[in-house]
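what follows is a predicted protein model with its sequence.
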Amino acid sequence: MQYIPAICFAITPFWFFGGNIYGGHANMFFLSAVILLFLSEQENNFKTTGWIKAIGTYLSCWMCYIFLAGFLGKLPAELSETMLQSTFFILAGVIFYISVYKGGLPLTSWRNTICCVATIQACLAVLQVSGHDPVVWFLDKFVTVGGELGPLTPVGTLGNQNFLAAFLAISLPFFYDSRWWKWVAPLIIVALLLTKTTAAIGAAIIGSFYYFFGWEWACIGVVPAFILYALKYNNHIIDNPRFDFWLDAWRSTSHSWNTFIFGWGPGTTWRLDNLLHSEYVNVFFNYGAIGLALMIGYIVSASKSNKMLFSAFIVACINMAGNHPLHVVPSAILILALTALMERDRSESFTRIDNYPIFSKNE
């Protein structure tokens, strides 16, 4: 039973069967949540930290409001449906998070699972760039395959090179922490570079500097990451259209006190078929200043006890500034597993301290 969360994580990125590849990921995520709810066992009694409780409480309040407002007919039908769908994702995410946090699968097993999935995705990406796409070859036997991206784009089974880049970048520190998986790390780096995604590559540079050299070098790592970003946009840094997205979201959300404090609500889209490409801006847009404060508060208070986990956490936090990995199921559950493992590591550290106190009462 303890392997169920890792199995659900491992198969989600490879689940194609939906209206599109993203729909397939979503279908598997919901199915995984149901499986975890009924089959997984809670193997410890670790307490949830205050920040996680506060975030969960705030999200629960939003859910209650959506259900009540929808029942009373105070929300437009389309908006109500979008918000409800968003709450279902939140509930599935909570179930997945708790199953990892309360589960007994060792950290080494989680590391091996994450590295195995990332390695397969990297291999697929390299093959796709070389003109051999086993994903399209397989799907073409069942359905008509189409897409907006070119045939030589490295996407793995995630549907977009930016989504693949985020998944590989966050996974990279897990390869550093094993004497066997570290030999596969160059493959992950090559696949990451093939995506040409500066947000993920820059985050991977900074996270890698932290893993090997600590905070001082992590700060220095900002320089090559920024240079890479500047080169991609030909030194027209502020001309990136995403800055316009963020400013527009700020103006629309801060124009009244209620949207500034509480946001527009879960699942509310900034613009049809276009995301804000920043999880921090998106959290402010959907959940207001309270939601953003809770998110930043948790990040600042995050455990630094495990170098591998915290390095991956740094990569995720930096990538979220210019990307939306929490809105893509495979990278979202990777971040959920990562944060749950960090909290579990912190709880285990507290348990060890309680069982083996540094000073006795007599001292």
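Ah, there it is. Numbering: from 1, shown residues only.

nearest spatial neighbour of G288, skipping sequence neighbours?
Among residues not flanking G288 along the chain, G263 sits closest, at 3.5 Å (Cβ to Cβ, 6 or more residues apart in numbering). Just so you know, the C-beta spots here come from the backbone N, C-alpha and C atoms, and that holds for glycine as well.

relative to N286, how far out is the one you found?
Going from G263 to N286 by Cβ to Cβ, to the nearest Å gives 5 Å.

closest to the centroid, which residue in this protein?
For the chain, A332 is the residue whose C-alpha lies nearest the centre (Cα atoms, centre = their mean; 3.2 Å).

is it true that that residue touches L326?
Yes: with contact defined as Cβ atoms under 8 Å, A332 reaches L326; the gap is 5.0 Å.

before we move on, what SS does K74 have?
Using DSSP: H, G, I helix; E, B strand; the rest coil, the structure places K74 in coil.

for the residue nearest to G288, give its distance to L294.
Distance from G263 to L294, by Cβ to Cβ: 12 Å.

joint contacts of the two?
Counting by Cβ atoms under 8 Å, 6 or more residues apart in numbering, the residues touching both G263 and L294 are Y287.

so what's C115 closest to, chain neighbours aside?
Closest to C115 by Cβ to Cβ, 6+ apart is W181, at 4.6 Å.

before we move on, what about Y229?
T198 (4.7 Å).

picking up where we left off before, contacts only, for the residue nearest to the centre of the chain.
So A332 contacts 93, 325-326 (Cβ under 8 Å, 6+ apart).

would you convert these into CSV that also reports pLDDT?
Shown next, in CSV, are those (pLDDT from 0 to 100):
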residue, pLDDT
G93, 89
P325, 92
L326, 92
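
which SSE is immediately downstream of whichever strand or helix holds N112?
Element membership for N112 (DSSP states H and E) is helix 107-129. Downstream of helix 107-129, the first helix or strand assigned by DSSP H and E is helix 134-139.

now do the buried residues in that next one.
135, 139 (16 or more other Cβ atoms under 10 Å).

relative orientation of the very next helix or strand once past it and helix 107-129 in degrees?
Note on helix 134-139: by DSSP H and E, the next helix or strand toward the C-terminus is helix 161-176. Relative orientation of helix 161-176 versus helix 107-129 (axes from the mean of the first three to the mean of the last three Cα atoms, to 10 degrees): 140 degrees.

show me what helix 161-176 is packed against.
Where contact means 3 or more Cβ pairs under 8 Å, 6 or more residues apart in numbering; DSSP states H and E, helix 161-176 is packed against helix 107-129, helix 185-195, helix 198-213, helix 307-322, helix 329-355.

for the residue nearest to C115, report the pLDDT, please.
At W181, the pLDDT value in this model is 94.

tell me the contacts of it?
Going by Cβ under 8 Å, 6+ apart, W181 touches 111-112, 115, 174-175.

ok, F16 next?
Contacts of F16 by Cβ under 8 Å, 6+ apart are 24, 139, 157.
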